[in-house]
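In: I'll drop the sequence and a predicted model, then ask my questions.
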Amino acid sequence: MSTSSVLYDHPGPRAKIRNTVLSVVLGVGVVGLLWWIYSKFDQAGQWEARLWEPFTEPATWTQFILPGLWATLKAAAVGMVLSLAFGLVFAVGRLSDRWWISVPAGAVVEFFRAVPLLLMIFFVFYGVPFLIKGPVSAFWAVVIGLTLYNGSVLAEAFRAGIRSVPGGQSEAAYAVGLRKSQVMRLILIPQAARAMLPIIVSQLVVLLKDTALGYIVAYPELLQRGVNDLSANYGNIIAAAMVAAAIYIITNSLLTALAGWLDRRTGTRRARRPRQNRTVAADPTVAEPQG
Amino acid sequence: MDVFTDPTNIDAYVSGFLWILKLTGASAVCALLLGVLLAAMRVSPVPVLRGFGTAWVNIFRNTPLTLVIFFCYFGLYSTLGLSLADDLNLNNFWLGVVGLSVYTAAFVCEAIRSGINTVPTGQAEAARAIGLSFAQTLRIVVLPQATRAVVAPFGSILIALCKNATIVGTIGLIEASTVMKDLINSYGNAVIPIFLVFAGTFAAFLIPTGYFFGWLANRLAVKR
């Protein structure tokens, strides 16, 4: 069922009238709700021009928001590259025939998938300095936490992807005399990677959102610079939070659109699957709702 | 390892995880109700409702939870003066539940919508052919089949919700991650045991939960 319209008939005269009436009534309800929210903020004086004027000044953007966005993107990019490497190593490790590789790899992946990201960031930021007798920067605390968590999620995705490559592919590869490592490297991973591309991009959205946890350990990312520090100067915390939310939403929507585009592009080349076997997990828009 | 023999630390550990448990439970119920409602809106014949559902999902799925909870505290509580309980801890708890619920509801809605998409078109067409209305088609034919397909995504949403509950620590609720941070700062010589106990507690609960939902999803799956 690709479109929801199969759930109801094409509206006839009565249904059209009913839908119009419902649209108007509910439309008024939604507008009323929005108006109520607006007036609540108005009563609190949140729409006053002085709170929003800072966003017309270039200094606000060059000093607070853009450096924050840059730090967010930097942590997300470094985290993504390391997560991909981590995910690939542990996915291959878990698929190994040697139990002393596959069992520890599986344990590591299961463990880091089950531990809250914030707990790992706290451990790296507050705990590791006691162990290495030196400070750990907030940047690395965030990036290491993101890598361990998202790398483990990606490892599971890669493993599923590698196992979804039809068995004939590896059989044919063995038949032409390739070694096991060659089969993995030349045959399985390239095909799996193509199928996994949309999931990788939607995991990037999760990762980008998770960089906001850096706020808790004072990493100067978008939430820290664009909301916390900015509002400390102008006293406009609501306005700043709304602007920051809009920036996150735009950035992530672009990434989601990219995931959808990649899915359509790669979908045609992927081995054809019967429509009935489609599972929810194959839907790239359903990412894990981590922070 | 004198960290975990001190009764005050044990109490902090227990109360930290009790907060996580309460946050997860309360938010799961609210997010499920809200998510089902949003999913019904997103597939409904009324354009206004579809638009509302879509906007909700796009806003909350793309905003970091930290920012949502931050906004609940500074926006709803500090600025608008919305107080949900007299007790400071309880107030933070309910603000956290609001944030977690509106955020998680977006994912619940999307999981249900994907679940509806796994039901073959012929099922809904047959339902319409025998004269069922939209509400009847959804309630009697489509949702019962879709429910089986959403067990696995619901499992991962619940697990993620439990982990996300730690973020409520940002607004001053002394939950497990904050307790761990405080213990690490007081017992620098026992950093690894402290981390292993806290992370291990999460793992001990969440890994079996994941396997349970996997087993349940497999058992309930519609064999086609």
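Out: Done, it's in.
In: contacting residues for residue 154?
Out: No chain was given, so I picked chain A. A:83, A:84, A:86, A:87, A:88, A:91, A:200, A:203 (Cβ atoms under 8 Å, 6 or more residues apart in numbering or on different chains). Yep, even glycine has a C-beta here, placed from its N, CA and C like the rest.
In: let me rephrase: I mean chain B.
Out: Here residue B:154 is in contact with B:108, B:111, B:213 (Cβ under 8 Å, 6+ apart).
In: can you map out the helices along the stretch 51-200 of chain A?
Out: Using DSSP state H, counting those that start in this stretch, the helices of the stretch 51-200 of chain A run over residues A:58-60, A:66-94, A:99-114, A:117-122, A:128-132, A:138-164, A:167-175, A:180-182, A:189-210.
In: got the angle for the third one vs helix A:138-164?
Out: Comparing the axes of helix A:99-114 and helix A:138-164 via axes from the mean of the first three to the mean of the last three Cα atoms, to 10 degrees yields an angle of 120 degrees.
In: can you list contacts of helix A:99-114?
Out: Residues outside helix A:99-114 that contact it (Cβ under 8 Å, 6+ apart) are A:90, A:93-96, A:120, A:148-149, A:151-153, A:155-156, B:159, B:163, B:199, B:202-203, B:206-207, B:210.
In: so which of the contacts of residue B:154 reach chain A?
Out: Near chain A, judged by Cβ under 8 Å from any Cβ of the partner chain, the entries from these are residue B:111.
In: are any of the contacts of residue B:154 buried, and which?
Out: For those, a neighbour count by 16 or more other Cβ atoms under 10 Å in any protein chain shown gives the buried set as B:108, B:111, B:213.
In: just put those residues in TSV and tack on distance to residue B:53.
Out: Output for the buried ones among the contacts of residue B:154, formatted as TSV (distance: Cβ to Cβ, whole Å):
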residue	distance to residue B:53
B:108	12
B:111	14
B:213	25
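In: for those residues, which one is nearest residue A:116?
Out: Lowest distance from residue A:116 to the buried ones among the contacts of residue B:154 (Cβ to Cβ) belongs to residue B:213, with 18.1 Å.
In: ok, now which ones touch the closest one?
Out: Counted by Cβ under 8 Å, 6+ apart, residue B:213 has contacts B:151, B:152, B:154, B:155, B:156, B:158.
In: show the pLDDT at the first one.
Out: So that's residue B:151. We have a pLDDT of 91 for residue B:151.
In: the fifth one now?
Out: According to the model's per-residue confidence, residue B:156 sits at a pLDDT of 91.
In: and it, how many neighbours?
Out: Around residue B:156 there are 23 other residues, counting by other Cβ atoms under 10 Å in any protein chain shown.
In: right, and it touches residue B:214 too?
Out: No - taking Cβ atoms under 8 Å as the definition, residue B:156 is not a contact partner of residue B:214, at 9.7 Å.
In: just want the most central residue of the chain.
Out: You didn't pick a chain, so chain A it is. For chain A, the residue nearest the mean C-alpha position is residue A:206 (1.7 Å; Cα atoms, centre = their mean).
In: wrong one, chain B
Out: Note: chain B centre (Cα atoms, centre = their mean) maps to residue B:161, 3.5 Å.
In: which ones are touching that one?
Out: Taking Cβ under 8 Å, 6+ apart as the criterion, residue B:161 is in contact with A:289, B:24, B:27, B:28, B:31, B:100, B:104.
In: residue contacts, the nearest residue to the fifth one once chain neighbours are set aside?
Out: Closest residue to residue B:31 apart from its sequence neighbours, by Cβ to Cβ, 6 or more residues apart in numbering or on different chains: residue B:104 at 3.7 Å. The contact partners of residue B:104, by Cβ under 8 Å, 6+ apart, come to A:289, B:27, B:28, B:31, B:35, B:157, B:160, B:161, B:164.
In: re earlier: now, which of the contacts of residue A:154 sits nearest chain B?
Out: Closest approach between those and chain B, by Cβ to the nearest Cβ: residue A:203, at 13.0 Å.
In: number of residues surrounding that closest one?
Out: Neighbour count of residue A:203, defined by other Cβ under 10 Å: 25.
In: that one reaches residue A:153, doesn't it?
Out: Yes - Residue A:203 lies in contact with residue A:153 (Cβ under 8 Å); the separation is 6.2 Å.
In: any idea how far chain B is from residue A:234?
Out: Distance of residue A:234 to chain B, given as Cβ to the nearest Cβ, to the nearest Å: 14 Å.
In: residues contacting that residue?
Out: A:51, A:54, A:240.
In: low-confidence ranges, the chain, go.
Out: No chain was given, so I picked chain A. Scanning chain A for pLDDT under 70 picks out the ranges A:1-5, A:267-291.
In: wait, chain B was what I had in mind.
Out: For chain B, applying pLDDT under 70 flags the ranges B:1, B:224.
In: in it, where's the longest helix?
Out: helix B:7-42 (DSSP state H).
In: who does that helix touch, helix- and strand-wise?
Out: Packing partners of helix B:7-42 (3 or more Cβ pairs under 8 Å, 6 or more residues apart in numbering or on different chains; DSSP states H and E): helix B:47-61, helix B:88-118, helix B:151-164, helix B:176-186, helix B:191-220.
In: the shortest one close to chain A?
Out: Yes - against chain A, helix B:176-186 shows contacts by Cβ under 8 Å from any Cβ at B:176, B:177, B:180, B:181, B:184, B:185.
In: look up how far chain A lies from the residue nearest to residue B:72 when sequence neighbours are not counted.
Out: With sequence-adjacent residues excluded and distances taken as Cβ to Cβ, 6+ apart, residue B:72 is closest to residue B:99, at 4.2 Å. Residue B:99 sits 11 Å away from chain A, going by Cβ to the nearest Cβ.
In: what does residue B:132 give?
Out: Separation of residue B:132 from chain A (Cβ to the nearest Cβ) stands at 10 Å.
In: is that residue in a helix, a strand, or coil?
Out: coil (DSSP: H, G, I helix; E, B strand; the rest coil).
In: give me the number of residues near the closest residue in space to residue B:179 that isn't next to it in sequence?
Out: Leaving out its chain neighbours, the residue that sits closest to residue B:179 by Cβ to Cβ, 6+ apart is residue B:16, at 3.7 Å. Neighbour count for residue B:16, taken as other Cβ under 10 Å: 24.
In: residue B:16 against residue B:174, yeah?
Out: Yes - between residue B:16 and residue B:174 a contact is recorded at 6.4 Å, counting by Cβ under 8 Å.
In: what do the two both touch?
Out: Counting by Cβ under 8 Å, 6+ apart, nothing touches both residue B:16 and residue B:174.
In: so how far is residue A:256 from the closest residue to residue B:77 other than its chain neighbours?
Out: Leaving aside its chain neighbours, residue B:77 sits nearest to residue B:95 (5.8 Å; criterion: Cβ to Cβ, 6+ apart). In this view, residue B:95 and residue A:256 are 28 Å apart by Cβ to Cβ, to the nearest Å.
In: neighbour count: the two, which is higher?
Out: Comparing residue B:95 with residue A:256 by other Cβ under 10 Å, the one with more neighbours is residue B:95, at 25 against 21.
In: my guess is the more buried one contacts residue B:170, does it?
Out: No - Residue B:95 lies out of contact with residue B:170 (Cβ under 8 Å); the separation is 10.7 Å.
In: common neighbours of these two, please.
Out: Each of B:69, B:73 lies in contact with both residue B:95 and residue B:170 under the rule Cβ under 8 Å, 6+ apart.
In: alpha carbons of stretch B:22-40, as PDB, please.
Out: The C-alpha coordinates for stretch B:22-40 follow below in PDB (Å, rounded to 0.1, in the frame of the first residue of the first chain):
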ATOM      1  CA  LYS B  22       9.100   6.100  35.700                       C
ATOM      2  CA  LEU B  23      10.000   8.500  32.800                       C
ATOM      3  CA  THR B  24      10.000   5.500  30.400                       C
ATOM      4  CA  GLY B  25       6.700   4.200  31.600                       C
ATOM      5  CA  ALA B  26       4.800   7.500  31.700                       C
ATOM      6  CA  SER B  27       6.300   8.700  28.400                       C
ATOM      7  CA  ALA B  28       5.600   5.300  26.600                       C
ATOM      8  CA  VAL B  29       1.900   5.500  27.500                       C
ATOM      9  CA  CYS B  30       1.500   9.100  26.400                       C
ATOM     10  CA  ALA B  31       3.700   8.700  23.200                       C
ATOM     11  CA  LEU B  32       1.700   5.600  22.200                       C
ATOM     12  CA  LEU B  33      -1.700   7.300  22.500                       C
ATOM     13  CA  LEU B  34      -0.400  10.500  20.800                       C
ATOM     14  CA  GLY B  35       1.400   8.500  18.100                       C
ATOM     15  CA  VAL B  36      -1.700   6.400  17.200                       C
ATOM     16  CA  LEU B  37      -3.800   9.600  17.000                       C
ATOM     17  CA  LEU B  38      -1.100  11.200  14.800                       C
ATOM     18  CA  ALA B  39      -0.900   8.100  12.600                       C
ATOM     19  CA  ALA B  40      -4.700   8.100  12.100                       C
END
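In: alright, that wraps it up for me.
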